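Asks: Starting from these lines, generate the structure:
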Amino acid sequence: MPRKHNSGQKATIGRVMHEFKHGELRSGHGEKVKNPKQAIAIALSESGGSNQQNPEQRKRSLSRTKTKERNGETATAEKGR
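Replies: Predicted coordinates:
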């Protein structure tokens with residue numbers, strides 16, 4: 001059964017996949033992400049939707065990502081500057 005995501009998680013997943021499609025998504029090492037599966041893993045991890053994390057880690061990931069989005073530190077926000 002597919003996992004249910006709340007609206008904040010859906011928005012984060014959408015932003016990350018948009019960055020991937022436009023070649024702006026980078027891994028933790030600073031290299032461009034070229035593999036769609038890796039992009040999905042990054043999106044789920046950032047949104048707190050990964051089943052590989054415990055509930056505390058998921059909550060922390062989502063709050064960290066939302067703070068980054070508010071401060072304009074994402075690739076999408078930096079491109080718009």
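Asks: Tell me the confidence at residue 1?
Replies: pLDDT recorded at residue 1 is 56.
Asks: same thing with the one 10 residues further on?
Replies: In the predicted model, residue 11 carries a pLDDT score of 89.
Asks: Equivalent analysis for the one 4 residues further on, please.
Replies: Residue-level confidence at residue 15 comes out at 91, pLDDT.
Asks: ok so it is a strand residue?
Replies: No - membership of residue 15 in a strand is not supported by DSSP: H, G, I helix; E, B strand; the rest coil, which gives helix.
Asks: Can you tell me the SS state at the nearest residue to it once chain neighbours are set aside?
Replies: Nearest non-adjacent residue to residue 15, counting by CB to CB, 6 or more residues apart in numbering: residue 76, 5.8 Å away. The way it works is simple: take the backbone N, C-alpha and C, and place the C-beta from them, glycine included. The local conformation at residue 76, judged by three-state DSSP, is helix.
Asks: where exactly do the helices run in this protein?
Replies: Along the chain, the segments classed as helices by DSSP state H run 7-21, 36-47, 55-70, 75-80.
Asks: Those helices: which one's closest to residue 30?
Replies: Minimum separation from residue 30 across the helices of the chain (CB to CB) falls at helix 75-80, 11.7 Å.
Asks: per-residue confidence averaged over the closest one?
Replies: If you average the pLDDT values across helix 75-80, you get 72.
Asks: Need the helices of the chain in CSV (columns: mean neighbour count and distance to residue 29).
Replies: As requested, the helices of the chain are arranged in CSV below (neighbours: other CB atoms under 10 Å; distance: least, CB to CB, whole Å):
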stretch, mean neighbour count, distance to residue 29
helix 7-21, 17, 16
helix 36-47, 18, 12
helix 55-70, 14, 18
helix 75-80, 12, 15
